[in-house]
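*Asks:* quick one, structure for this:
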Amino acid sequence: MGPGSGAGSGGGAGGGSARPAAPRFADAARTALADPGLRRNLAAAAAAMRARRAAATAATADWDELREAGRAIKDQTLLNLDSYLEELERSVTEAGGVVHWAADAAEARRIVTRLVRGTGEGEVLKVRSSVLGEIRLDDALDRAGITVHETGLGELIVGLDEDDAPSHPLFPALHRNRAQIGELFARGLPGAPADLGADPAALAEAARARLRGRMLPARVAVSGANFLVAETGTAVLVESEGNGRMCLTLPDTLITVAGIEKVVPAWADLEVFLQLLPRSATGERMNAATSTWTGVTPGDGPGAFHLVLLDNGRTSVLADEAGRAALRCIRCSACLDVCPVYERTGGHPYDAVAGGSPGRGQGAVYPGPIGAVLTPHMRGVESAANASLTYASTLCGACSDVCPVKIDIPDLLVRLRGQVIESRRRRPVPTPELALMRTLAWTMGDRRRYEAALRRGTRWARLLSRGGRIRRLPGLLGKWTDARDVPAPPRQSFRAWWASRPGGAAGERR
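*Replies:* Residues are numbered from 1 along each chain as shown. Alright, predicted model coming up:
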């Protein structure tokens, strides 16, 4: 694949053995909604992140100007993405790196697996990135007999429970509190004392001892990138723990996988994004560690650098004049922290909908509001699971208000819902919802049919009511009364009442 080429047919993280059909979002979310401890942890963490972000942005006098600058840079880049990708390839190559093009997730997996095997090593360090989860890299390397060592604290925590999965892009273990983490470490972390407790410093030291021992001898590392600078061929990684910097400098071979939308034109553009990202992501003025690397330098850092540029549906999103705005996303997760749906479910349902493996968390392109946009855009809305993500939103608009690059997520979701409806119209057998809507349209298209249906419907509804409430509707309508009662209709409709008034019928005729 070359720059600007069409998206591959592999979409999503497909490939490999057949998987069972993914659940709809509402079904996948039931477990999370039924867990009060999980909801308390999520609510506390989201509230803290909202407060930190609000304080950080309020203290930045030119915050609105920075947001507009970020939006403008991203839009200009996306409109000329093919030329910037060509420039990026030239710059990386001139600096001693090697660029690989992956049309879809399967091709990206093959490239990375081949590169790791070419080193002769059987272990790799991994700096967690949403794009590595998107392509299900861990599964591919496992099948190839290559051991993957996660290097982040959150990934270490999640990995100690085989039934767990990351719930947040920046804070994978957001759904767990300190007491739960202490229990996990005491039970499953080699070398951790049995009475570790919940002290943050003690937990961090136990994790550090475990992770550092894995990093020092490693010869190969795989990372993502927050930004790719076309002008210089530089990859940029921002983080808060320092594990990324060790993985970028200690190994002999560094393989970076990044989506093609990560490109920015010039080094000077980083001034904008390195102010927007930390304030929106963690509520800080700057990241604890910002690492940049350009090709290879003899005697300094890895001796071989490979950049894998991933399409995987992105050019199809780029071709959508309205939908391409989703590719502005800089993965700050601010939209997750304000979303009432995400706050109550966490990230696991998004992962399940997108086909994630148990304990892997490698299904969703991204959770939360932006994930509800990106996943259907990149994978299509034909499947019931992907289509259901477009409805995993209240359309309250909070996500749009906080987005640092001004993505109008509610508008994109409404457009996607329209695509879902249109895709269902083309089916030879209509869905129950579509059949019902067509029946309603036919009924309401004629006054006599409508009034007859209203009289009969009112009669049946009153027969189902008890104490002025309908607590259970039959069939598919029962999904409504699973969560709420319906008031019983009055004995007389407004139309009937209006017609019974003196002059009412005459007034209606006029």
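*Asks:* do you know how far the closest residue to Ser129 other than its chain neighbours is from Lys126?
*Replies:* Distances taken as C-beta to C-beta, 6 or more residues apart in numbering place Gly224 nearest to Ser129, at 2.4 Å, with adjacent residues excluded. (C-beta placed from N, C-alpha, C; glycine too.) Distance, Gly224 to Lys126, by C-beta to C-beta, to the nearest Å: 9 Å.
*Asks:* overlap in contacts of the two?
*Replies:* Jointly contacting Gly224 and Lys126 under the rule C-beta atoms under 8 Å, 6 or more residues apart in numbering are Leu132.
*Asks:* re earlier: what are the neighbouring residues in contact with the residue nearest to Ser129?
*Replies:* Counted by C-beta under 8 Å, 6+ apart, Gly224 has contacts 127-132, 237, 256-258.
*Asks:* kindly recompute the last result at 6 Å.
*Replies:* In this structure, Gly224 makes contact with 129, 131-132, judged by C-beta atoms under 6 Å, 6 or more residues apart in numbering.
*Asks:* any regions of the chain where pLDDT drops low?
*Replies:* 1-20, 356-365, 504-510 (pLDDT under 70).
*Asks:* quick one: end-to-end distance for stretch 253-269.
*Replies:* 28 Å (C-alpha to C-alpha, to the nearest Å).
*Asks:* list the buried ones in that stretch?
*Replies:* 253-265, 269 (16 or more other C-beta atoms under 10 Å).
*Asks:* could you tell me how far it lies from the centre of the chain?
*Replies:* 19 Å (C-alpha atoms, centre = their mean, to the nearest Å).
*Asks:* what lies in contact with it?
*Replies:* Outside stretch 253-269, the residues touching it (C-beta under 6 Å, 6+ apart) are 73, 77, 84, 88, 112, 115, 119, 131, 220-223, 225, 227-232, 235, 302, 304-311, 314, 327.
*Asks:* with stretch 178-190 instead?
*Replies:* Counting by C-beta under 6 Å, 6+ apart, 157, 160, 192, 194, 196-198, 203, 206, 210 sit against stretch 178-190.
*Asks:* equivalent analysis for stretch 28-37, please.
*Replies:* 38, 345-346, 349, 352-353.
*Asks:* rerun at 7 Å
*Replies:* 38, 344-346, 348-349, 352-353 (C-beta atoms under 7 Å, 6 or more residues apart in numbering).
*Asks:* what about Arg449, neighbour count?
*Replies:* 12 (other C-beta atoms under 10 Å).
*Asks:* same check on Gly380?
*Replies:* Neighbours around Gly380, by other C-beta under 10 Å: 16.
*Asks:* excluding its backbone neighbours, what's nearest it?
*Replies:* Per C-beta to C-beta, 6+ apart, closest to Gly380 is Asn386, 6.4 Å.
*Asks:* report the contact partners of the one you found.
*Replies:* Counted by C-beta under 7 Å, 6+ apart, Asn386 has contacts 375-376, 379-380.
*Asks:* measure it to Ala103 for me?
*Replies:* In terms of C-beta to C-beta, Asn386 sits 20 Å off from Ala103.
*Asks:* what do you get for Gly299?
*Replies:* 36 Å.
*Asks:* repeat for Leu416
*Replies:* 23 Å.
*Asks:* same thing with Tyr342?
*Replies:* For Tyr342 relative to Ala103 (C-beta to C-beta), the value is 31 Å.
*Asks:* who's more crowded, the two?
*Replies:* Under the criterion of other C-beta under 10 Å, the comparison of Tyr342 against Ala103 puts Tyr342 first, with 27 against 20.
*Asks:* quick one: contacts for that one?
*Replies:* 336, 367-368.
*Asks:* and the gap between it and Ala392?
*Replies:* Taken as C-beta to C-beta, the span from Tyr342 to Ala392 is 8 Å.
*Asks:* find the residues that touch each one of those two.
*Replies:* Joint contacts of Tyr342 and Ala392 (C-beta under 7 Å, 6+ apart) do not exist.
*Asks:* for the stretch 151-300 of the chain, what spans make up the helices?
*Replies:* 153-159, 178-188, 200-215, 243-249, 270-281 (DSSP state H, counting those that start in this stretch).
*Asks:* out of those helices, the one nearest Pro432 is which?
*Replies:* Of all the helices of the stretch 151-300 of the chain, it is helix 153-159 that lies closest to Pro432, at 38.2 Å by C-beta to C-beta.
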